Each structure stands twice: as structure tokens, then as C-alpha cells.
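Participant: One predicted model, sequence on top.
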Amino acid sequence: MSYRHEHFYIGGTWVRPSTERLITPINPSTEEPLVSVPEAVEEDVDAAVRAARAAFDAPGGWATWEPGRRAEVVERFAAELDARAEAIATAVSSQNGMPIAVARQLEVGYPSSVLRYYADLARTTEFTKTRAGLLGGSVEVRNVPVGVVGAIVPWNYPQALSVFKIAPAMATGCTVVLKPSPEAVLDSFVMAEAAEAAGVPAGVLNIVPGGRDAGAHLVSHPGVDKVAFTGSTPAGRAIAEVCGRLLRPVTLELGGKSAGIVLDDAVLEPAVIGEDLVRATFTNNGQTCFLSTRILAPRSRYTEVVDLVTELARSLPVGDALDERTLVGPLVTAQQRERVAGYIAKGRAEGARVTTGGGRPVGLERGWFMEPTVFADVDNRSVLAQEEIFGPVLCVLPYNDVDDAVSMANDSDFGLGGTVWTADPERGAAVARRVRTGTIGVNRYLPDPVAPFGGVKASGLGRELGPEGMQAYLQPQSLYR
Ligand code: NAD
């Protein structure tokens, strides 16, 4: 355990925790404990908010800097994260089971590109605009930073989802208290080291790993001006209720159960759509909010689609997350594995047919592994098709015509992502536009930093990424003159 692993990064320095409580993440591939780190309690969250408040309120401080000057800090932060790429990827994979090859793409590289995107946006955005007044004189409309941001993230993409919040916050002049999830904390220490090395001014970014109580304390803290949350729909609802009472702005990125609509002209060959289809349905062992886990297939080609998806699922190498060849690693915790196994049992009980998987992979006796699993003959109103499983489990459902496919896609409490698979991208886009979700892809799916990402219905409120995502960290002030 290093000196840093015994402290919290608060106010630009390493601060002793207020209790001796520890978090010990477990490697889900081996079930071995990893390094222990302190667990933040209310007093630690208070100290972090005080530091963020002081940095935000300081006359002539961060919030008042020229955007270009802040952008330079954000870019240095991106460079310091890149310099620690391997340490971050290894920390993430050994905590949450993300295959290392995936972590190298989505947990390093991608987050720094988001930081650089917001640095550019800070330089090019006109934060103040003057309009001629209708009543004489003029009005200056200033977009000012909202203040201290309480950012709460889950374990599945700890770096990317933190940066989705930190990047627009820093670009606009906000300060941040980040609370990582207890299952994935070690990479947050590397992030803190990167911030320190980049010369991020004291108090602009503060990191307090802790559990639900620390998160709840942060959400309702009187020193916090805005909450940015990614996590489950039940936790999002609880947080929204508190923010509603406090009239505190909140962004919520929650769960999903997205549809992948296969049109009747799709080329159903692994060499043609296999890689993109696997990425859109199984990334990070199914522990990704936007995956198209409900595959809708035309009745005329239903058997072909079931066979293709089954073949793809069977072909995925399952193994230790740190093995370069692994494409499906373990689930994050024993509890998560049990939950996924419970859904598979429910699916069987509801009469759905398992075409592949459904149990522990052969030869992987230790670790929280689950075989990539495909269900056919699934009813769209069943638990299997309606609830977020958050594991490598897909269901394939038949539809009659495109109208039927669209109405099945929309028949969900969620509305986060989705995909359409077709040989005719224009036809695919026309179908995609009819699906009620915050995002959707044609023949591929990956949240691009330039575009707003988020959901409708039980998938959340507000958007991250893109210029729209930056707006959530700003509020207008009109100055009549
Ligand atoms: P979770 O909701 O249990 O926890 C997420 C984070 O919130 C953790 O840091 C946790 O400590 C904290 N937390 C929990 N309850 C809280 C409360 N009442 N007040 C304050 N903080 C609280 O979710 P999880 O199991 O860690 O993550 C999986 C979920 O996240 C899935 O439902 C998934 O779909 C969702 N997710 C959504 C997106 C998205 O962008 N829409 C992205 C990734 C994950």
C-alpha cells in the first residue's frame, strides 16, 4: 500500500481519512482481494466539499479564469491520464472484470479525448452574448458556471463516466467532488495522481471513494450546487427526489434495455456484422447501460438471426480479464453473478429457450464467470425482455413487420440506446428515428464525445457529452444595461 492509497485527494493534496474504515475491492477473475484504500464517511465528504467550495468561491479563482487558461489545465490533465494508461487499464480490469483489451480502448484514450474535446469547446464557446433590448438598452447574457458539482459514478466504466462529468465541469469553471463506487476505487487514485501532476489547482477536483451513505451525504450537502449521477434507476430516483426537494439541478444517466432491430435486408454473416453486433450487445461482459440486449428479428428470418447470435455468443473467448485474448470477463461481484443467474432461471421458468450458455464456463471454477447466454422464444412483456440484467445475456424476439418492431422497441420503461441492422443505412436511419430513446445507432453503436448521450423515461434526465452536455454545468445570468 503506497502513501497515496492511505489518503484522500482533497484540496490538491493528500489528506488523512477521518476514520479507519477501509474498502477492499476483490478481483472478480480470481476472487483475491486487491489493495485496501480508505472509505470516505460524512466528515471526509464535508472536507472535500469545503475544498471545492473554497476553490469555486475564491475571488480571481478558477471560476473566473479565461476559458483558454482552464483549457490548458484540462489538456495537461488528459496528457497525465494518457501517461498512466497501463496503470489505469490494469486497475479497472482487475476490479470490475472488464477485458483488458476493452479497458485500453474505453477507459484510457477515450476519456482523455473527451477532456480534449471539452478543452477545445471551452476555447470556442461564446460564454457571453449581448442582445439589443426590446425595451431599450441592451442585455448581456452570461453563461456562468453552476458551482460545486457532486459527481457520483458506478463501477462499470469508472474512468469514462467520471470524465463525462469532470471534463465539462472543469471546462466551464465548476469545481468537483467525485465519489467513485466502492467496487472500483483504485483507478480513482491514479486519476488523482494525474490531476496533481497536471497542476489542476487545489480544490478543483476532489476524490472521495465511498459507499451509498457517502453518496447520499454528497447529494444533499448544502455546499453542493449540482449533482451529476450515473448508476441504477432506483438510486437515480432516490437522488432525484432529494434534488427535487432541494431544487438542486441534477443530471441522471440510468439503466437501459435497448432494442437491436434487425431489418429483413441485413446481411447475417459473422464476417459482415459480427464484430459490431458483439460490441453493441456484449461489451464489458454485458455490464454496459446502452447495450442492445433485446434483439428484434423479422419472423421470416427469425431462425437465421437466432443462429447467428448463438454462434457469435459461443465464439467469444471467456476468461481472466487481464488476459489479452479475453473478450468476456467475469461479472463484477458474486452478488452480481447471482443476480444474473437469477434472471437466467426466471427466463427458463417463463418458458424461454436457452440456445447457448446459461451457466458457469467449463474450466473457470474460480471467479464470477457466466457464459455468454442467448434466449430465443422470448415474450416482449416478460421479465427477461423488460428488466436490465447487466450481464452477458441476450434475448431474441420475433416481429411481424417494421411497425411491429418499432412498437416493440418502444414498449419498454427504458429509453437509453438501441441499434438498427440493415444493408441500407438510409432505411435504417428512418427506422431509428422512430425509436424513442436518447441515442441510437445504425450498424454500430459507440457514444461519440461530440453528441449528447443520455436517456428518456426510466433511463434518466438530461444529457452528457457534446455542447449540450456542457450546458448542464452552466446557468445564464442576464444583465440589463
Ligand atoms: P448503483 O446505482 O447501485 O450505484 C451507482 C453509484 O451511486 C455508486 O457510486 C453508489 O455508491 C452510489 N449510490 C447508490 N445509491 C445512492 C444514493 N441513494 N445516493 C447517492 N449515491 C448512491 O449502480 P451500480 O450497480 O454501481 O451500477 C450499475 C447501474 O448503472 C446499471 O443500472 C447501469 O445501467 C447504470 N449505468 C448507467 C449508465 C448511463 O450512462 N446511463 C452508464 C453506466 C451504468
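Facilitator: Structure received.
Participant: which bits of the protein sit near the ligand?
Facilitator: When proximity is defined as C-beta under 6 Å from any ligand atom, the chain approaches the ligand at 152-156, 161, 179, 181, 211-212, 215-216, 219, 230-232, 235, 238-239, 253-256, 289, 388, 390, 416, 455, 460. (Glycine included, C-beta is placed from N, CA and C.)
Participant: swap the cut-off to 5 Å and go again
Facilitator: Contacts of the chain with the ligand, taken as C-beta under 5 Å from any ligand atom, map to 152, 154, 181, 212, 215-216, 230-232, 235, 238, 253, 255, 289.
Participant: Let me have the residues you listed in TSV, adding secondary structure, pLDDT and neighbour count as columns.
Facilitator: Converted to TSV, these look like this (DSSP: H, G, I helix; E, B strand; the rest coil; pLDDT from 0 to 100; neighbours: other C-beta atoms under 10 Å):
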residue	secondary structure	pLDDT	neighbour count
Ile152	strand	99	27
Pro154	coil	98	22
Ser181	coil	98	26
Arg212	helix	98	14
Gly215	helix	98	25
Ala216	helix	98	18
Thr230	strand	98	27
Gly231	coil	98	24
Ser232	coil	98	15
Ala235	helix	98	20
Ala238	helix	98	17
Glu253	strand	98	28
Gly255	coil	97	22
Cys289	coil	98	28
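Participant: which two of the residues you listed lie the greatest distance from each other?
Facilitator: Spanning the widest gap among these are Ala216 and Cys289, at 21.3 Å by C-beta to C-beta.
Participant: Can you point out the buried residues in stretch 55-73?
Facilitator: Buried residues in stretch 55-73, defined by neighbour count with 16 or more other C-beta atoms under 10 Å: 55-56, 61-63, 65, 67, 70-73.
Participant: Pick out the most distant pair among those residues.
Facilitator: Phe56 and Glu72 (19.0 Å).
Participant: quick one: contacts for Ser93?
Facilitator: Residues in contact with Ser93, defined by C-beta atoms under 8 Å, 6 or more residues apart in numbering, are 99-100, 103, 321-322, 329.
Participant: 6 Å instead, please
Facilitator: 100, 103, 321-322 (C-beta atoms under 6 Å, 6 or more residues apart in numbering).
Participant: got it, and Arg53?
Facilitator: Contacts of Arg53 by C-beta under 6 Å, 6+ apart are 148, 223.
Participant: Look at it and report its pLDDT.
Facilitator: Per-residue confidence (pLDDT) for Arg53: 98.
Participant: Look up how far Ala167 lies from Arg184.
Facilitator: Not quite, residue 184 is Ala, not Arg. In this structure, Ala184 and Ala167 are separated by 19 Å, where distance is defined by C-beta to C-beta, to the nearest Å.
Participant: Of these two, give the one with the bigger neighbour count.
Facilitator: Using other C-beta atoms under 10 Å as the criterion, Ala184 and Ala167 rank with Ala167 on top: 30 against 26.
Participant: which SS class is Arg104?
Facilitator: When classified by DSSP: H, G, I helix; E, B strand; the rest coil, Arg104 comes out as helix.
Participant: Leaving out chain neighbours, which residue sits closest to it?
Facilitator: Nearest residue to Arg104, sequence neighbours excluded (C-beta to C-beta, 6 or more residues apart in numbering): Ala89, at 4.9 Å.
Participant: One more: Gln475?
Facilitator: Spatially, and ignoring its direct neighbours in sequence, Gln475 is nearest to Val146 (5.3 Å; C-beta to C-beta, 6+ apart).
Participant: what sits against the one you found?
Facilitator: Each residue near Val146 by C-beta under 6 Å, 6+ apart is listed here: 174, 225-226, 473, 475.
Participant: let's see 8 Å
Facilitator: By C-beta under 8 Å, 6+ apart, Val146 lies in contact with 172, 174, 225-226, 249, 472-475.
Participant: and it, how far is that from Tyr480?
Facilitator: Val146 is 22 Å from Tyr480, by C-beta to C-beta.
Participant: Need the per-residue pLDDT for Tyr302.
Facilitator: For Tyr302, the predicted pLDDT is 98.
Participant: Please compute how far the helix or strand it falls within lies from its chain's middle.
Facilitator: Assigned by DSSP states H and E, Tyr302 belongs to helix 302-315. Averaging C-alpha positions (C-alpha atoms, centre = their mean, to the nearest Å) puts helix 302-315 28 Å from its chain's average.
Participant: excluding its backbone neighbours, what's nearest Phe390?
Facilitator: Nearest residue to Phe390, sequence neighbours excluded (C-beta to C-beta, 6+ apart): Gln287, at 5.5 Å.
Participant: Just the closest residue of the stretch 1-150 of the chain to the ligand, please.
Facilitator: In the stretch 1-150 of the chain, the residue that lies nearest the ligand is Gly150 (8.7 Å; C-beta to the nearest ligand atom).
Participant: In three-state terms, label that residue for me.
Facilitator: Of the three states, Gly150 takes strand under three-state DSSP.
Participant: If I look at it, what pLDDT would I see?
Facilitator: On the pLDDT scale, Gly150 gets 99.
Participant: what's across from it in the sheet?
Facilitator: Taking DSSP bridges as the rule, Gly150 bridges to Val177, Val227.
Participant: Hmm, His221 and it touching each other?
Facilitator: Yes. If you go by C-beta atoms under 8 Å, Gly150 and His221 touch, sitting 6.7 Å apart.
Participant: neighbour-wise, which of the two wins?
Facilitator: Neighbour comparison, Gly150 and His221: the larger count goes to Gly150, with 30 against 23 (by other C-beta under 10 Å).
Participant: Let me see the contact set for that one.
Facilitator: 49, 177, 179, 218-219, 221, 224, 226-228.
Participant: where along the stretch 301-450 of the chain do the helices fall?
Facilitator: Listed in chain order, the helices of the stretch 301-450 of the chain (DSSP state H, counting those that start in this stretch) span 302-315, 334-349, 383-386, 402-410, 425-432.
Participant: nearest to Arg4, of those helices?
Facilitator: Nearest of these to Arg4, taken as C-beta to C-beta: helix 334-349 at 28.3 Å.
Participant: Name all residues that make contact with the residue of the stretch 101-250 of the chain found nearest the ligand.
Facilitator: Going by C-beta to the nearest ligand atom, the ligand is nearest to Gly215 of the stretch 101-250 of the chain, at 2.3 Å. For Gly215, the contacting residues are 152, 179, 235, by C-beta under 8 Å, 6+ apart.
Participant: Output these as JSON lines; include the columns distance to Glu350.
Facilitator: Formatted as JSON lines, the contacts of Gly215 follow (distance: C-beta to C-beta, whole Å):
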{"residue": "Ile152", "distance to Glu350": "34"}
{"residue": "Lys179", "distance to Glu350": "37"}
{"residue": "Ala235", "distance to Glu350": "27"}
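Participant: That's all I had, so thanks and see you.
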